[in-house]
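> please work out how this folds:
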Amino acid sequence: MNAQQSRHYPSRPALEVLICTHQRARLLARALDSLEAATRPTDCPLGVFVVANACSDDTPRLLAERAATTDTARLPLRWIVDPVPGKSHALNLALPQARAPLIAFVDDDHRLDPGYLLALVEAARTQPEAELFCGRILPDWDGSEPAWVHDQGPYRIYPLPVPRFDLGAEPHPVVPGSATPGGGNLAIRQGLFARIGPFRLELGPHGHNLGGAEDIEWVKRAVASGAPLHYVPGMCQYHYVEADRMTLGYVLRKAYERSASTLRIAPSAHPRRWPPRYMLRKVVGYGLRALFALGWPARRFYLTRLAAALGEIKGFSQQVRDPRPESPSGSDPDAPTR
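Below you'll find the predicted structure:
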């Protein structure tokens, strides 16, 4: 696990962009290209730090070539290999090695808005009390997606097959309990990770499965400790839209797994062995509504709610097996419940 870096990597960058990647060489190249194209703030040394997590594709070759470049116009890059699968493990390995006062998280399937770097650096300078910064995550729609993903009516689908996080057009402090961003578009001050502790290894994706909540749980822990969180709308990233996500099967799997992850990290005020009755009522209710729904939009909606309700039961069983009463309440901003 030797760190490899470009010849002009700054010893003390002011901002370091951290990307944990797994088997996505093509998308990683796209993310890095968007980072290269973003407007760079003056008087702010930048660095890119990539963790190749259990990669057996072209990712190491891509990173080696980019790190070896002698083109000083390109952003300096360093990278390490993490052979242990799991995003939480990759984050826990990388963050103690981060060198900058400000560390920005970027997912490997995101594209950065051209103003991303400027907005983040300006927010860090004008909001010195903030220890976490979050921005918008918007689906990178290209017009080929099905119409139902844009439906805002009574049968709108949530969670969407592509993540979305948007708290409006104005920057503002995020009141604890009002919203919790994930780790796809987050920035933290140096030292916060050491104070809050590691990401939970049993949470989060391993490979490209639909596990989640490792970032939600960590951010909630940070905010509960008193770390101020600030929303920066100009700190915008666009999530790649994969065609195979635009199916009912994917939506059902995501609703099931993300609901399970959310329930798993929620504290249980009244520990019990069996799921509470309201969970069972939701399963029966949504199942019957799906069965007798008139029209495909309604049936698709209730099937998705049924999958989420079944995921809650899975999360409850995981919570019973591994109770963690010290964990703050979790909620997935991409998957509200009804």
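> phi, psi of Gly285?
When read as degrees, to the nearest 10, the backbone of Gly285 gives phi -60, psi -50.
> count the residues that sit near it.
Other residues lying near Gly285 total 14 when counted by other C-beta atoms under 10 Å. Heads up, the C-betas are built off the backbone N, CA and C, glycines and all.
> do the same with Val175
Val175 has 9 nearby residues by other C-beta under 10 Å.
> what does Ala213 give?
26.
> same thing with the one 5 residues further on?
The local packing count at Trp218 equals 27, with neighbours defined by other C-beta under 10 Å.
> can you check the one 4 residues further on too?
Ala222 is surrounded by 22 other residues when neighbours are defined as other C-beta under 10 Å.
> please apply the same query to Ala73.
Ala73 is flanked by 6 other residues according to other C-beta under 10 Å.
> help me confirm that it is found in a helix?
No - checked against DSSP: H, G, I helix; E, B strand; the rest coil, Ala73 lies outside a helix; its state is coil.
> for this protein, which segments count as strands?
4-5, 15-21, 46-53, 77-82, 102-106, 110-112, 132-134, 137-139, 172-173, 185-189, 229-231, 237-239 (DSSP state E).
> switch those over to CSV; also include mean neighbour count.
Below are those laid out as CSV (neighbours: other C-beta atoms under 10 Å):
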stretch, mean neighbour count
strand 4-5, 17
strand 15-21, 25
strand 46-53, 26
strand 77-82, 21
strand 102-106, 24
strand 110-112, 24
strand 132-134, 24
strand 137-139, 21
strand 172-173, 12
strand 185-189, 24
strand 229-231, 22
strand 237-239, 22
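> quick one: contacts of the worst-scoring helix or strand of the chain on mean pLDDT?
Sorting the helices and strands of the chain by mean pLDDT, DSSP states H and E puts strand 4-5 at the bottom, at a mean of 78. Contacts with strand 4-5, where a contact means C-beta atoms under 8 Å, 6 or more residues apart in numbering, come from Leu63, Ala64, Ala67, Pro76, Leu77, Arg78, Trp79, Ile80.
> residues in a beta bridge with the residue found closest to the second one once you drop the neighbours it is linked to in the chain, which ones?
For Ala64, the nearest residue in space outside its immediate sequence neighbours is Gln4; the separation is 6.7 Å by C-beta to C-beta, 6 or more residues apart in numbering. With DSSP bridges applied, Gln4 shows beta-bridge pairing to Trp79.
> any stretches of the stretch 201-338 of the chain with poor pLDDT?
Within the stretch 201-338 of the chain, the stretches with pLDDT under 70 are 204-212, 267-272, 320-338.
> re the thing from before, can you redo the strands of the chain as JSON lines with distance to Leu118?
Putting those into JSON lines (distance: least, C-beta to C-beta, whole Å) gives the following:
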{"stretch": "strand 4-5", "distance to Leu118": "25"}
{"stretch": "strand 15-21", "distance to Leu118": "11"}
{"stretch": "strand 46-53", "distance to Leu118": "12"}
{"stretch": "strand 77-82", "distance to Leu118": "20"}
{"stretch": "strand 102-106", "distance to Leu118": "12"}
{"stretch": "strand 110-112", "distance to Leu118": "11"}
{"stretch": "strand 132-134", "distance to Leu118": "13"}
{"stretch": "strand 137-139", "distance to Leu118": "18"}
{"stretch": "strand 172-173", "distance to Leu118": "19"}
{"stretch": "strand 185-189", "distance to Leu118": "13"}
{"stretch": "strand 229-231", "distance to Leu118": "16"}
{"stretch": "strand 237-239", "distance to Leu118": "14"}
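> ok, back up a step: from Gly184, how far off is the residue nearest to Ala64?
Remark: distance between Gln4 and Gly184 (C-beta to C-beta, to the nearest Å) = 25 Å.
> hang on, the earlier thing: to Asp33, which of the strands of the chain lies closest?
Among the strands of the chain, strand 110-112 comes nearest to Asp33, with 8.4 Å by C-beta to C-beta.
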